[in-house]
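K.L.:
Predicted model and sequence below, questions to follow.
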Amino acid sequence: AQTVTQSQPEMSVQEAETVTLSCTYDTSESDYYLFWYKQPPSRQMILVIRQEAYKQQNATENRFSVNFQKAAKSFSLKISDSQLGDAAMYFCAYRSMSFSNSGYALNFGKGTSLLVTP
Amino acid sequence: GAGVSQSPRYKVAKRGQDVALRCDPISGHVSLFWYQQALGQGPEFLTYFQNEAQLDKSGLPSDRFFAERPEGSVSTLKIQRTQQEDSAVYLCASSRGARTENTEAFFGQGTRLTVV
């Protein structure tokens, strides 16, 4: 089974600054997807960014970018120019590319609570 | 609807009571997932439906948990004789495809169940 570890229960960043959230994972598969989800107090999971393991180029989405190190099984999220609206729980998630009886179910880490201060 | 809808948003149940949680996926989505998110934890997989077929229920914590999707659209997660350890947020997600690997999951806002 794949495991996802987020070692930072809480992080804090000042508005307009940059913050990096860490994630490591364990898998024996060679092809998979990695995701970062944002969960605000409304509880709805919002997809922030996605990385395909077979792609060497790191994914970027506006102010959000990842540092994907496949050999090290590391997948960190960098948020640039942090905004008050970025405050939320952030979850790293793994998904196999192999279809199974559980479909393409996601394996989540325990999350990192991001605080943004003015 | 435009997104995944779950009801109720909040449910308080007395220990021993049965509850039913509803999920309305995005219209036409084949795949439907239920996750359980305990306080301070990440979501954990409970069960998966492909249309009306429940292909995997390995994540259901006990035989008190039961899920169905009889017509391949709306799904209900039922918990019988609720216990305090059942208190959690229950998230539903749907995706358009089944075996299409490049398929994104869309989440509802969840139901927060509190057992007292």
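P.N.:
It's in.

K.L.:
Only C-alpha atoms from now on, for both contacts and neighbour counts.
P.N.:
Fine.

K.L.:
Can you give me the neighbour number for B:E71?
P.N.:
Other residues lying near B:E71 total 10 when counted by other Cα atoms under 10 Å in any protein chain shown.

K.L.:
who touches it in this structure?
P.N.:
With contacts defined as Cα atoms under 8 Å, 6 or more residues apart in numbering or on different chains, B:E71 is in contact with B:51-52.

K.L.:
Quick check: the gap between it and B:D24.
P.N.:
B:E71 sits 12 Å away from B:D24, going by Cα to Cα, to the nearest Å.

K.L.:
Also B:R15?
P.N.:
27 Å.

K.L.:
where's B:P61, which helix or strand?
P.N.:
Mapping B:P61 onto the secondary structure by DSSP states H and E places it in no helix or strand at all.

K.L.:
quick one: contacts for it?
P.N.:
By Cα under 8 Å, 6+ apart, the contact set of B:P61 is B:L46.

K.L.:
you'd agree B:P8 is up against B:T111?
P.N.:
Yes. In this structure B:P8 lies within contact range of B:T111 using Cα atoms under 8 Å: 6.0 Å.

K.L.:
list residues touching both of those two?
P.N.:
Overlap between the contact sets of B:P8 and B:T111, as judged by Cα under 8 Å, 6+ apart, is given by B:L21.

K.L.:
Those two: which is more packed in?
P.N.:
In this view B:P8 and B:T111 are compared by other Cα under 10 Å, and B:T111 has more residues nearby, 22 against 14.

K.L.:
Can you name the residues bridging to that one?
P.N.:
Beta bridges link B:T111 to B:Y90 when assigned by DSSP bridges.

K.L.:
Which one's more surrounded, B:R15 and B:D24?
P.N.:
Ranked by neighbour count (other Cα under 10 Å), B:R15 and B:D24 place B:D24 first, with 20 against 16.

K.L.:
Okay, and the beta partners of the more buried one?
P.N.:
Counting by DSSP bridges, B:D24 forms beta bridges with B:S5.

K.L.:
didn't it look like it was pressed against B:A2?
P.N.:
No. In this structure, B:D24 is not within contact of B:A2 by Cα under 8 Å, at 10.5 Å.
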